[in-house]
Structures are given as structure tokens and as C-alpha cells.
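1. no letters, just coordinates:
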């Protein structure tokens, strides 16, 4: 950081271009990357186009698109000229998109082809300029008006300060209404630079980007960080389905990937566990600690080959990783690492690298950040995690009352998460404060811990533990396709058989859980959830929809 004259996006990028002008920067997986010099020219060219449209410092430019190099170019062009980028999650409902565009006051909207078709019902303001993200052609109501942007370089200099707002990221939380988080240039650049202290990134690193760039996690650590260090970023261009992801892993051979727990948990439950269960001998050996570790090590080597063989950092964040999956990763010697944060903190607050992971811990606070447990329980030490530092947001856009509820006058951010520190300063997340269930007897129940247990039961996709009339109830989504495949040889009365099987699993699951939890945490009912749960961008269930 001592060599960085200013913590702003244009200053960091200018330093990168001066060092790595000819190095590969960004591309779709399998295509030739643009160099950093190419990206610099594209950014300057787009700034010229934005100026001709009347876009000026302080204006908002929204980006609604799948991950691609032009997404990053649009983001940088907006922020380099003193504008404010408004990334919008591709999975947002059209009503949410309209609300965000109106609330933010965006004058420009970059949209990729796939989302133009998907969002054909959007009602856009006449004052909003729509730009095709793939080539920056200007569109209005679906009709092409101009060709590709000019290749001129911008001659103006923009006074972009560290405390200027760089982006407003609208969260898709588990509790309802989206809020616009205002993050400054300093917030973002500080987090990117300090993330490099957790895991050093060099110009030789290759990132494979699979999470939405509109999410703070991928935006800061998967875009700003690698572009400040001269590394290359490779995009899928589509959702990370196995048919898209596997060839990309083989082609890119990434050294760094950022993911959410659901991705590696799916791989463990759908690929690794079935390999052990289908073989009688392996199924027996996997329950013996010594042979289990050997088998997991073998599976880990195979998993590394699947990911291209050169992975050095597999970052997991956005939600708590299942304990049994993490134990597998440890025994497999897979280079995973856990991080903790939230959008309001740009987003990283705590983290570690693959050499310093601790089971179920998010690691210590990142350098330059203060973390504390506010009002800890006298017996357990647990309490709400508060954070303070240069990466804490400026506030919620147009929401001063909400901002004052989460930010204290002396600068502490109330995260809303419950946690505890060990004697070495490692942070352990217990759950969301709002999710804690207080039973009539005064007992505190963390539903996430019971859900983790449920999700390890066979044929379970996901679950949600709720309090209903003073009793704990679980909504459980069973994997019908997996059950049908498993029992597909039983053709007679097939549909009725599957329904009976699910009913038996439901009853067996309740017994399974209740034998493994304390008496306060026992389930009084298990209900089948017929449809997939609605989730946020980091694949957390939107709890408020099911209460």
C-alpha cells in the first residue's frame, strides 16, 4: 500500500497499466485475453461515449449483465470519470430492477443480450439511456441507434477522491427489502489491498470468475484485487452449470476461484459421497477414521485435477460452510479458505489463507480492521459482531434512519451476525441475530446449526428451521430426481412408491436429528417443501418468505 499514491480505482488501475500493460487481463474462458493496455483503451473510449451522452461526475450508471470483460470495462469507465456504478444482480425480479433504477436515479443502463430478452417487460424511464453491454451500442426500446463506441481517448482529467462514492450495491438479503449500500473508492481499494495480505496475488495468477460481478464479494476480491495486481480474469459468460464449468476449468486451469458454500457442498454430496456409498467396501471403510482420511486424500487429488490441477486458493464466503464438508476439504488437503464479511463492509472483515484454516472458523480480522463482540454472553462469550475500519460503508442511499440503526456515532458497524473469538483471535460465526429462535423457556436456538445437520441427511437438498407456536419445525426439500434414480428399478406403482419413500424419509429425518441435538433443539415436525427455496445471490434462503 505504501506505493499506492491514492486509494481510488483509477489510481490503482493506472499503476497496474504502468507495470503490466502487455500482460493478459480479461477474457471469456477459452478466448484470447485483452491486455491491460487494451482494457485501458476500451475504458477511455467508453468514457468518451458517456460524455457525449451527457453523463457527468456524480451521475449513476447501472449495470445489469452476465459476467464478461465489458462488464468490468463499464464499471471502471463509470467510476473513473467520477460517476457512481450501480451493479444489479441478474437474478433480481423485473419489479426490483425497476425500483433500483428509479431509487438510484440512474441515467444510463448497461444490459447484456441475455437479460435484454429476459427483461423485455421492464418499464424504463424515457430519460434512461440503454446501452448494449456486449459492444456498447446504444439502444432505445430495443432498436439499435448507433454503432460501436468511438476509439478516441478521453482528454479530460477527473478529480476522483478517496471518499467519493464509487458504487451503490443493492443487497438481496434474507430479510426482505433491498437497500443501496454506498461504498467509497477508499472502502473498495482498502479491502482489495488488505485481501492481498491474506493471500498474495501476482501477475501470474489466473482467476476463474463464477459468481455475479454485481455482488460485493466478486466485485472487490474477484475484480478489483486481481486488476490491481496484474492478474488475469476469465469469465464463463453463462451460469456455472457442470457442462459450462468443467471445460472452463480444463482450459483456464485457474489458480484462484471464489465461491459460496453451496457449490462445494453440492460437489461433495452429489459427486464425492455417492462414489463411496455405491461401493460396499468403500462405504464401510469411510466410517473408519484412518481409512477415511486416506480415501479423502485420494478424492482430494482427483478433485484438484478436476479443477485444473493448479488451484492455490479456493475462497469460500457468503454463508457458513457445512462442518462435514469442511472436514472433508481438510482431510483432502484441498486449498480452501474461509472468509467472512458483508456488503456493508466492502465486503471482507475476516479471513485466512489455505495454510491457516481452522475448522468452522472465518479466521482473524483482516489487517487494519477492528472486530469486537458487543455485549458478549458471560458464559459463552457469544454476541453480535461489530466492525470498524476504512472499509465500512458510508451508509444506505437515501435511508438515513436505516443507516443510523446499523452505524454507531463512533463508526462501528453492527453486522447482525453472532460470533465468538477463540484465544488466538479466530472468529467463529454462530448465526444471524435475527434468525435466533427464542423458545418459551428462554432457550436460544441457532437454526443454521440444525439445518446443517438436516442437509447432511441423504436425499436432502435444503432445509429451513422455523419456530411455529413455540415449537421447532423444519421445512425440507428432498431431491425427488435422486430418489427416482435410486429406486427407478421399481416400476410398479412408481409415483406412489416415491411419495411413500419421501414420507418415510421425512419421519426418519426427524428421528435422525432429534438423536443428535439437545432437548431444546428437538424438532416437533418435519414438513416437505415441494418447491426450491427462493435464495439470495450468495445462495442463502430468503427466510422472511417462509415465516
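-> That came through fine. For clarity, every value in this text was computed on a predicted model and none was experimentally measured.
2. mind listing residues that contact the lengthiest helix in the chain?
-> Counting residues, the longest helix in the chain under DSSP state H turns out to be helix 494-514. Contacts to helix 494-514, defined as Cβ atoms under 8 Å, 6 or more residues apart in numbering, come from residues 450, 453-454, 457-460, 474, 476, 478, 480, 483-484, 487-488, 490, 522-523, 525-528. All C-beta spots, glycine's among them, are computed from the backbone N, C-alpha and C.
3. tell me which residues of the very next helix or strand once past it are tucked away?
-> Downstream of helix 494-514, the first helix or strand assigned by DSSP states H and E is strand 525-528. Within strand 525-528, the residues that count as buried by 16 or more other Cβ atoms under 10 Å are residue 526.
4. check which helices and strands strand 525-528 is in contact with.
-> Here strand 525-528 is seen to pack against strand 471-478, helix 494-514 when contacts are counted using 3 or more Cβ pairs under 8 Å, 6 or more residues apart in numbering; DSSP states H and E.
5. which residues does it contact?
-> Identification of contacts with strand 525-528 by Cβ under 8 Å, 6+ apart yields 468, 471, 473-478, 502, 506-507, 509-510.
6. select only the buried ones of these in ChimeraX?
-> Of the contacts of strand 525-528, the buried ones go into a single ChimeraX selection, burial set by 16+ other Cβ under 10 Å:
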select :474,475,476,477,478,502,506,509,510
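7. closest to residue 65 among the contacts of strand 525-528?
-> Nearest to residue 65 among the contacts of strand 525-528: residue 477, at 29.9 Å, using Cβ to Cβ.
8. next secondary structure after whichever strand or helix holds residue 116?
-> According to DSSP H and E, residue 116 maps onto helix 113-118. Following helix 113-118 in sequence order, the next helix or strand is strand 129-132 (DSSP H and E).
9. how far away is residue 310 from residue 416?
-> According to Cβ to Cβ, to the nearest Å, residue 310 stands 38 Å off from residue 416.
10. no no, residue 302
-> 39 Å.
11. tell me which residues in the helix holding residue 116 are buried?
-> 114-116.
12. what lies in contact with that helix?
-> Residues outside helix 113-118 that contact it (Cβ under 8 Å, 6+ apart): 64-66, 90, 132-134, 139, 142.
13. please redo it, this time with the cut-off set to 10 Å
-> Contacts to helix 113-118, defined as Cβ atoms under 10 Å, 6 or more residues apart in numbering, come from residues 64-66, 88, 90, 92, 94, 97, 111-112, 122, 130, 132-135, 139, 142, 237-239.
14. next step: these restricted to strands.
-> 64, 111, 130, 132, 139 (DSSP state E).
15. now the residues you listed as TSV including neighbour count and pLDDT?
-> As requested, the ones in strands among the contacts of helix 113-118 are exported to TSV (neighbours: other Cβ atoms under 10 Å; pLDDT from 0 to 100):
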residue	neighbour count	pLDDT
64	27	96
111	25	95
130	21	93
132	18	94
139	16	84
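16. tell me which two of those sit farthest apart.
-> Farthest-apart pair in the ones in strands among the contacts of helix 113-118 is 64 and 139; separation 12.6 Å (Cβ to Cβ).
17. if I look at the spatially closest residue to residue 530 that is not a sequence neighbour, what pLDDT would I see?
-> Leaving aside its sequence neighbours, residue 530 sits nearest to residue 477 (Cβ to Cβ, 6 or more residues apart in numbering; 7.8 Å). On pLDDT, residue 477 comes in at 94.
18. state the phi and psi torsions of the nearest residue to residue 382 once chain neighbours are set aside.
-> Leaving aside its chain neighbours, residue 382 sits nearest to residue 420 (4.6 Å; criterion: Cβ to Cβ, 6+ apart). The phi/psi pair for residue 420 (degrees, to the nearest 10) reads phi -150, psi 150.
19. quick one: what helix or strand has residue 31 in it?
-> With DSSP H and E as criterion, residue 31 is part of no helix or strand.
20. wait, it touches residue 235, no?
-> Yes: using Cβ atoms under 10 Å, residue 31 is in contact with residue 235, at 9.4 Å.
21. just checking, which helix or strand of the chain averages the lowest pLDDT?
-> strand 143-144 (a mean of 49; mean pLDDT, DSSP states H and E).
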